[in-house]
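Chemist: my questions are about this predicted structure, shown below with the sequence.
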2 protein chains.
Amino acid sequence: MKKLNIGILGPGTVGGGAYEILTKNHDLIQKRTGVSLQVVKILTRRSRPDLPADLLTDDPDDILNNPDVDVVVETIGGIQPAASFMLQAMNHGKHVVTANKAAVAAEYRELTKTAAQNNVKFLFEASVGGGIPVLTSIEGALSGNNFLEVMGIVNGTTNYILTKMTEEGSDYSEVLKDAQEKGFAEADPTSDVEGIDAANKLCILMALLFDKYVAPSEIPTTGISKITGADIASAASEGCKIKLIAHAALKNGQVVCSVAPERIPDSHPLAGVSNEFNAVYITGDMVGEVMLYGKGAGALPTGSAIVGDIISIAKEL
Amino acid sequence: MKKLNIGILGPGTVGGGAYEILTKNHDLIQKRTGVSLQVVKILTRRSRPDLPADLLTDDPDDILNNPDVDVVVETIGGIQPAASFMLQAMNHGKHVVTANKAAVAAEYRELTKTAAQNNVKFLFEASVGGGIPVLTSIEGALSGNNFLEVMGIVNGTTNYILTKMTEEGSDYSEVLKDAQEKGFAEADPTSDVEGIDAANKLCILMALLFDKYVAPSEIPTTGISKITGADIASAASEGCKIKLIAHAALKNGQVVCSVAPERIPDSHPLAGVSNEFNAVYITGDMVGEVMLYGKGAGALPTGSAIVGDIISIAKEL
């Protein structure tokens, strides 16, 4: 039986979800791929009595420079040291799989270049739309298309808040507080509600769809913190819902992009994407409109995308 | 520059669409893959002054037994001779890509076995949901999941008819006539309206999702020809839409399946799938619910899926 050995950097929500899937569905995946996926090391600085003690280490080198590790899963989050760890892993000949949109967006060119130089895979399906098969579809089944436009609801926190404001007629601050209590929003919600998280994801989408890198800080970005109940009522009176849209389109050969609240007609498929769900609506010159919908966050949905990326590496063994 | 040579069996709607994409987007695809995709032979029994004369042949052997052909695209439709042609191509060491749901469903086991024996690719993304990335997602990004359920709107003709009956309050026979005039329904609509086409697609979905082959004739199948305006009004009064659903689920370890009109609550994402659009709603144990939506038929959407499959072969060169 072929084996693929995995090291996980950061067994938090997403890394822990990936570990759970690799453990619970090990036999199923082995049957499908003919490869046994084994987690051999986990980097954490915390006490984790829920994980096997012999797998834990607090030294990054035990994974990044470990000849037994074939694939490094990076789920630390944040730009640094995550990006440096990924580069080190690639330079040691290891494939890298990550869910880290901030690091992928910020260091996209360096990470893809280093992966190519080392002839290793660098896969990040989990970084956009959680468990939804977005990036692999763009690079796979849809890749015969010249892409024309993308509109994404790619942040679950803001979509949850806007949905509740629409359904309940409540104010922004009231719904944000409720979302924080329910765990749908962080204590400091800035990255979500000001559109920064969505801009990171749009940067990654544009790189794959249009072969064009636009740094997240260069994307015109407006969040939802100034949306009022009156705005939502006004949109509703015109048969529209307000959604935070990560939007990019080819216009006269140029890519035009923004993250901003937009009025989406009720008849548009994106208008029906509610609560914490995400969806990416892509237009190609041949396929027309395609929408990919599902859970954009959470341990198991995002872990599912990480495991899908690992399986694609296993299938090439 | 690497080359991949393609022979097309049957340049009708779908085969013609694939040819158009391979021609119009040739340079884009070459840039993305590093491979030049070249159509070198086209099998047709008709006069086709719109296609290059030097590519045309009326002898299947000019493709099936041609050492210059690497990939055979089968878009003849129907079970025979399409299935025999695909088997011959595989036995001559050629990869096979098809949109032919009837042949894939009827001869699934023989086709997949023969592909494995000859170590060639057998890809059929275009056979379910046209241009929507359904099968590649099941076998790719979602493949770490134990699949629990699938609900598909996989026939555009019936979805168009049900949508018009719902929107206009018209009778089945009236809308069918209109659909036939507009080209959304065949002169003999039996395969669509009686659910046979949807059963073929459900057979393929079950084989990939549950590793279980159920012949289309074994799937309990009810079409839409007996749905009345009163049925639709009754569903609407309960906040539901009637959709023809290809449905399979694991129940106590057994796969239970059917093709039948079902009442779908307006709040469910499948209720918003209108007109000729298709969608496949999949539940996995880890990812939860995912919906993949787009155009399920037509020359360019279905051609897009065929070209996506060819590109996946090109990337492995």
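Modeler: That came in fine, so what should we check first?

Chemist: in the stretch 201-317 of chain A, mark out all the strands, start to finish.
Modeler: According to DSSP state E, counting those that start in this stretch, the stretch 201-317 of chain A carries its strands in the segments A:240-251, A:254-265, A:277-284, A:288-295.

Chemist: and the closest residue to chain B within the stretch 201-317 of chain A, how many residues sit next to it?
Modeler: Among the residues of the stretch 201-317 of chain A, A:V307 lies nearest to chain B; the distance is 3.3 Å by Cβ to the nearest Cβ. To be clear about C-beta, it is placed using only N, CA and C from the backbone, and glycine gets the same treatment. By other Cβ atoms under 10 Å in any protein chain shown, 34 other residues sit near A:V307.

Chemist: cool, and A:A260?
Modeler: Counted with other Cβ under 10 Å, the burial measure for A:A260 works out to 17 neighbours.

Chemist: just the pLDDT for the residue nearest to it when sequence neighbours are not counted.
Modeler: With sequence-adjacent residues excluded and distances taken as Cβ to Cβ, 6 or more residues apart in numbering or on different chains, A:A260 is closest to A:T222, at 4.3 Å. The confidence metric pLDDT takes the value 98 at A:T222.

Chemist: again with the one 10 residues further on
Modeler: The per-residue pLDDT reported for A:I232 equals 97.

Chemist: A:G183 now?
Modeler: Among the per-residue scores, A:G183 shows a pLDDT of 86.

Chemist: quick check, stretch A:130-139 touching chain B?
Modeler: Yes: for stretch A:130-139 and chain B, the contact criterion (Cβ under 8 Å from any Cβ of the partner chain) is met by A:131-133, A:136-137.

Chemist: which ones are touching A:G93?
Modeler: Listed by Cβ atoms under 8 Å, 6 or more residues apart in numbering or on different chains, the contact partners of A:G93 are A:118, A:120.

Chemist: again, but for A:T98
Modeler: Neighbouring residues of A:T98 by Cβ under 8 Å, 6+ apart: A:73-75, A:82, A:86, A:104, A:123-124, A:126-127, A:306.

Chemist: JSON lines for those residues, including pLDDT, distance to A:E110 and secondary structure?
Modeler: As requested, these are arranged in JSON lines below (pLDDT from 0 to 100; distance: Cβ to Cβ, whole Å; DSSP: H, G, I helix; E, B strand; the rest coil):
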{"residue": "A:V73", "pLDDT": "98", "distance to A:E110": "19", "secondary structure": "strand"}
{"residue": "A:E74", "pLDDT": "98", "distance to A:E110": "14", "secondary structure": "strand"}
{"residue": "A:T75", "pLDDT": "98", "distance to A:E110": "19", "secondary structure": "coil"}
{"residue": "A:A82", "pLDDT": "98", "distance to A:E110": "13", "secondary structure": "helix"}
{"residue": "A:M86", "pLDDT": "98", "distance to A:E110": "9", "secondary structure": "helix"}
{"residue": "A:V104", "pLDDT": "98", "distance to A:E110": "11", "secondary structure": "helix"}
{"residue": "A:L123", "pLDDT": "98", "distance to A:E110": "16", "secondary structure": "strand"}
{"residue": "A:F124", "pLDDT": "98", "distance to A:E110": "14", "secondary structure": "coil"}
{"residue": "A:A126", "pLDDT": "98", "distance to A:E110": "20", "secondary structure": "helix"}
{"residue": "A:S127", "pLDDT": "98", "distance to A:E110": "16", "secondary structure": "helix"}
{"residue": "A:I306", "pLDDT": "98", "distance to A:E110": "21", "secondary structure": "helix"}
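
Chemist: neighbour count added to the residues you listed, as CSV?
Modeler: Shown next, in CSV, are those (neighbours: other Cβ atoms under 10 Å in any protein chain shown):
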residue, neighbour count
A:V73, 31
A:E74, 28
A:T75, 26
A:A82, 22
A:M86, 29
A:V104, 27
A:L123, 24
A:F124, 26
A:A126, 32
A:S127, 24
A:I306, 33
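
Chemist: just give me the closest of these to chain B.
Modeler: Nearest to chain B out of the contacts of A:T98 is A:I306 (Cβ to the nearest Cβ; 8.2 Å).

Chemist: in space, what's closest to the closest one - neighbours in sequence excluded?
Modeler: When the adjacent residues along the chain are set aside, A:I306 lies closest to A:A18, with 4.3 Å between them (Cβ to Cβ, 6+ apart).

Chemist: that older thread, show me what contacts the residue of the stretch 201-317 of chain A closest to chain B?
Modeler: Under the criterion of Cβ under 8 Å, 6+ apart, the neighbours of A:V307 are A:18, A:21-22, A:25, A:29, A:37, B:144, B:286.
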